[in-house]
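Undergrad: return atomic coordinates for the entry below.
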Amino acid sequence: MSILLRPQITPNQAPMLTLVMACSVAEGIMDCKDVCGEQQIQIKWPNDIVVNKKKVVGILTELTMEADYVQYMVSGVGINVNQTSFPEEISATASSLYLEKGQKVNRALLVQKSMEHFDENYEIFCRTDDMTGLIVAYNTLLVNKEVAVRVLDPRGEYEGIAHGINEKGELMEAWKMSTQEKYQSEGFMAMSEEGRMVLCGANAYDKKYYFNEKFNGIPESIKNELHIICVLFTEEVGGIFTIEFEEDGSVSMRTEYSDEDFLYDEIASGLLVGEIRRKRTELFESLSLYYRVFILHEDMGELFTEE
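TA: Residues are numbered from 1 along each chain as shown. Sure, this is the predicted structure:
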């Protein structure tokens, strides 16, 4: 659903209306307990709503503005209402109200309740043109309150304890710590904790790329391709990304991130893993063959006769 607004605010104030909408939709879902159940409904700052830790709502706000005022804004809300399934790569992080409740949800009632709360919250916002009147309501729903979060600041990434939002809708942190300082000692190992052999990987926290020297025999063109895949993945999604070999020689991709990494996008990660696997099928098949011949020492002739 989308709503057109013509607020009397400056462009700097516009992002706060995304928070107003997030708070309103979350409250609307909670008002529908007869159809939405008693699940834990929370806001992932600034524009996602999660139910039982899975994303069910995303909010995108666009605007047309002049230098010192906003002409109009469109706040678009995407709600996973009655979807019965999701692609495997995002099923662990995305869900719908239907899947979390186990029964169909009344869409009309959900929209009605959400808009009723938005009318109330928008009026509160317009009194002060900031989040002063909504801080308590928003912070009560905030999923990452009083935990460590990673903040992408133009001056450099840092971590801090999130204490909720202030009147400008910004996260308040109690302390800062360099993510590189925290993670640089972890690095990569040739073998994963699960016993898989790591081929290569990249770490967004310390901006490093790793390639296992055991595979130096791989052509340079493939090494370069692997380097690009890993680094671009962590630049786009964050966290730690590795390409590994399973016990039987098949190639797998593994992603992980700190529980305190507030901005890591699990859904984008799952989608990107699926895209890489689809587009790099031949590459992974070649790597698997290399591993089985030169690491597992399987007979090449028998491999080519396999169906």
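Undergrad: and the residue nearest to residue 251 when sequence neighbours are not counted, what pLDDT?
TA: In space, and not counting its chain neighbours, residue 251 is closest to residue 284: 4.2 Å by C-beta to C-beta, 6 or more residues apart in numbering. Just so you know, the C-beta spots here come from the backbone N, C-alpha and C atoms, and that holds for glycine as well. If you check residue 284, the pLDDT there is 95.
Undergrad: please identify which helix or strand holds residue 284.
TA: helix 281-294 (DSSP states H and E).
Undergrad: elements contacting that helix?
TA: helix 220-236, strand 240-245, strand 251-256, helix 300-305 (3 or more C-beta pairs under 8 Å, 6 or more residues apart in numbering; DSSP states H and E).
Undergrad: go through stretch 264-280 and flag the buried ones.
TA: 264, 265, 266, 267, 269, 270, 271, 272, 273, 276, 280 (16 or more other C-beta atoms under 10 Å).
Undergrad: just flag the most distant two among the residues you listed.
TA: Using C-beta to C-beta, those span at most 22.6 Å, a distance reached by 264 and 280.
Undergrad: average pLDDT across the regular element (helix or strand) spanning residue 135?
TA: Assessed by DSSP H and E, residue 135 sits inside helix 135-141. Mean pLDDT, helix 135-141: 91.
Undergrad: centre of the chain to it, how far?
TA: Distance of helix 135-141 from its chain centroid, counting by C-alpha atoms, centre = their mean, to the nearest Å, is 22 Å.
Undergrad: other SSEs contacting the top strand by length along the chain?
TA: The longest strand of the chain (DSSP state E) is strand 54-65. Helices and strands touching strand 54-65, by 3+ C-beta pairs under 8 Å, 6+ apart, are helix 16-31, strand 48-51, strand 70-79, helix 97-101.
Undergrad: residues in contact with that strand: which ones?
TA: 11, 14-15, 17-18, 21-22, 25-26, 29, 44, 47-50, 70-80, 92-97, 100, 266-267 (C-beta atoms under 8 Å, 6 or more residues apart in numbering).
Undergrad: and the longest helix for this protein?
TA: Of all segments of type helix in the chain, defined using DSSP state H, the longest is helix 107-128.
Undergrad: so what does it touch, helix or strand wise?
TA: Helices and strands touching helix 107-128, by 3+ C-beta pairs under 8 Å, 6+ apart, are strand 2-5, helix 16-31, helix 33-36.
Undergrad: hey, which of those is tucked in deepest?
TA: Highest mean neighbour count of the helices and strands packed on helix 107-128: helix 16-31, a mean of 23 (counted as mean count of other C-beta atoms under 10 Å).
Undergrad: run the angle between that helix and strand 54-65 for me.
TA: Angle, helix 16-31 to strand 54-65, by axes from the mean of the first three to the mean of the last three C-alpha atoms, to 10 degrees: 140 degrees.
Undergrad: shaky segments in the chain?
TA: 33-39, 147-161, 173-195, 300-307 (pLDDT under 70).
Undergrad: dump stretch 120-137 to PDB, restricted to CA.
TA: Extracted in PDB, the C-alpha atoms of stretch 120-137 (Å, rounded to 0.1, in the frame of the first residue of the first chain):
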ATOM      1  CA  GLU A 120      -2.900   9.500  14.900                       C
ATOM      2  CA  ASN A 121       0.900   9.300  14.700                       C
ATOM      3  CA  TYR A 122       1.200  11.700  11.700                       C
ATOM      4  CA  GLU A 123      -0.800  14.300  13.700                       C
ATOM      5  CA  ILE A 124       1.600  13.800  16.700                       C
ATOM      6  CA  PHE A 125       4.600  14.200  14.400                       C
ATOM      7  CA  CYS A 126       3.200  17.400  12.800                       C
ATOM      8  CA  ARG A 127       2.900  19.100  16.100                       C
ATOM      9  CA  THR A 128       6.700  19.200  16.600                       C
ATOM     10  CA  ASP A 129       7.900  18.200  13.100                       C
ATOM     11  CA  ASP A 130      10.100  15.500  14.800                       C
ATOM     12  CA  MET A 131       9.800  12.200  16.700                       C
ATOM     13  CA  THR A 132       9.400  13.800  20.200                       C
ATOM     14  CA  GLY A 133       5.900  12.600  20.700                       C
ATOM     15  CA  LEU A 134       6.600   9.100  19.300                       C
ATOM     16  CA  ILE A 135       9.900   8.200  20.900                       C
ATOM     17  CA  VAL A 136       8.400   6.000  23.600                       C
ATOM     18  CA  ALA A 137       6.100   4.100  21.300                       C
END
